[in-house]
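A.B. asks: can't give you the sequence, but here's the structure:
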């Protein structure tokens, strides 16, 4: 068993997997950039889906759509495997509480990128569909299940809290410790600014999505639980909402660029 575990650790720490996993950060960056562009378009009165599904659909519509989708899928699978290997093999030298927190974070990251890979694959095989409708359908199904009401409240609260954590991470610049910052002072400043603005904007977007789930659950209107797209469109309908949505869109573009930079600078 030990030999098998050592072999698995060697594979997950290989240079090939590392390169593919870094590409997963870049894929996430491209998708966030596309979501940000849609958010700005919505702020200007346009149409579109400002969520992962909408961004993936835009990739699918490109001339090299299938190639983009499958290569992005492979990159996200590699990053999910890398994060899962961190959860299994790393952080053993840390105190128990800190080790548990680090491993839990790695597991969550692995789940996020695995979910992103599933979305990419579904569009690659032609099974992708409107994410807002699928979010509502899932919410309706969960609400009908035993304990579903409390589960939805917990999920909404978890997403909202994640948004707050992202925003705090941005303000504190704690993301910088996971990067090998460039030697140039101007380049370092640019990376930090992108991170601060990007993490804050993503935090706001997640907070809106989580609150939308909570409100839809409390009102017993699961059809109103339309995920990130619904949260951003809800922001647009508020006083000065078009300006706030445009600002969030610019921030998501910054986050996308930051994630592309992270593909090069991340400590793996």
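C.D. replies: Looks like it came in fine. Not measured: the values here are computed from a predicted model.

A.B. asks: what packs against the top helix by length along the chain?
C.D. replies: Taking DSSP state H as the criterion, the chain has its longest helix at helix 185-218. For helix 185-218, the elements it packs on are helix 15-43, helix 131-144, helix 148-172, helix 227-236, helix 241-265, judged by 3 or more C-beta pairs under 8 Å, 6 or more residues apart in numbering; DSSP states H and E. C-beta coordinates here come from the backbone N, C-alpha and C atoms, glycine included.

A.B. asks: Please repeat the previous calculation with a cut-off of 6 Å.
C.D. replies: Counting contacts by 3 or more C-beta pairs under 6 Å, 6 or more residues apart in numbering; DSSP states H and E, helix 185-218 is packed against helix 148-172, helix 227-236, helix 241-265.

A.B. asks: tilt between the shortest one and helix 241-265?
C.D. replies: Here helix 227-236 runs at 140 degrees with respect to helix 241-265, directions being taken by axes from the mean of the first three to the mean of the last three C-alpha atoms, to 10 degrees.

A.B. asks: Residues in contact with helix 227-236: which ones?
C.D. replies: 39, 42, 49-51, 132, 135, 205, 208-209, 212, 241-242, 244-245 (C-beta atoms under 6 Å, 6 or more residues apart in numbering).

A.B. asks: Then stretch 27-35?
C.D. replies: 50, 52, 55, 58, 72, 75-76, 252-253, 255-256, 259-260.

A.B. asks: Can you get me a residue count around the residue nearest to residue 196 when sequence neighbours are not counted?
C.D. replies: Spatial nearest neighbour of residue 196, excluding adjacent residues (C-beta to C-beta, 6 or more residues apart in numbering): residue 170 at 4.9 Å. Per other C-beta atoms under 10 Å, the neighbour tally for residue 170 reads 23.

A.B. asks: Sort the contacts of stretch 27-35 by pLDDT and name the bottom one.
C.D. replies: When those are compared by pLDDT, residue 50 scores lowest at 79.

A.B. asks: my guess is it meets residue 40, correct?
C.D. replies: No - using C-beta atoms under 6 Å as the test, residue 50 is too far from residue 40 to be in contact (9.2 Å).

A.B. asks: from memory the residue nearest to residue 196 sits against residue 199, does it?
C.D. replies: Yes - the criterion here is C-beta under 6 Å, and residue 170 meets it with residue 199 at 3.0 Å.

A.B. asks: residues in contact with residue 25?
C.D. replies: Here residue 25 is in contact with 259, 262, 263 (C-beta under 6 Å, 6+ apart).

A.B. asks: Kindly provide the distance from residue 21 to residue 266.
C.D. replies: 9 Å (C-beta to C-beta, to the nearest Å).

A.B. asks: Neighbour count: these two, which is higher?
C.D. replies: More neighbours surround residue 21 than the other of residue 21 and residue 266, with 24 against 15 (other C-beta under 10 Å).

A.B. asks: What pLDDT is listed against that one?
C.D. replies: pLDDT, residue 21: 92.

A.B. asks: Skipping its backbone neighbours, what lies nearest it in space?
C.D. replies: Once flanking residues are discounted, residue 21 sits nearest to residue 82: 3.9 Å by C-beta to C-beta, 6+ apart.
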